[in-house]
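Student: coordinates only, sequence not included:
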């Protein structure tokens, strides 16, 4: 996980991940979106690949990159322990309870006299 954290610490690499979230891209397409040199982008891609955040595939003369979500999932699970719930879960539970209570109150209650009339 240390390699993943180091990899996403760089803003260029985070931006590459955002770009790849939209789908596979060639190294040239990625490099074309930055003002830094192609060799610099290539080094960033290598770091992402070595950390397991992206995978590449050779397609003819081009190399296609895509996100490999496995490492990100592990990081997200680890980070989730530090995120405090916003309280929405409790509020939704309370809303559900109130909806059920209101439905029960609105249902017509049959009395024993009504039950006798229905059977007669």
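Tutor: Nice, thanks for sending it over. Just so you know, these numbers come straight off a predicted model, no measurement behind them.
Student: Tell me which residues touch the closest residue to residue 28 other than its chain neighbours, please.
Tutor: Nearest residue to residue 28, sequence neighbours excluded (Cβ to Cβ, 6 or more residues apart in numbering): residue 62, at 7.0 Å. In short, each C-beta sits where N, CA and C put it, glycine included. By Cβ atoms under 8 Å, 6 or more residues apart in numbering, residue 62 lies in contact with 26-28.
Student: For residue 52, state which of the residues you listed is nearest.
Tutor: The nearest member of the contacts of residue 62 to residue 52, counting by Cβ to Cβ, is residue 27 at 17.9 Å.
Student: Is it correct that that closest one is in contact with residue 65?
Tutor: Yes - counting by Cβ atoms under 8 Å, residue 27 touches residue 65, with 6.6 Å between them.
Student: that older thread, if any of the contacts of residue 62 are buried, put those into a ChimeraX selection.
Tutor: The ChimeraX command for the buried members of these (criterion: 16 or more other Cβ atoms under 10 Å) is given here:
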select :27
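Student: Quick check: neighbours shared by residue 27 and residue 65?
Tutor: residue 45.
Student: For residue 38, which non-adjacent residue is spatially closest?
Tutor: Nearest non-adjacent residue to residue 38 (Cβ to Cβ, 6+ apart): residue 31, at 4.5 Å.
Student: quick one: least confident helix or strand in the chain?
Tutor: helix 112-119 (a mean of 53; mean pLDDT, DSSP states H and E).
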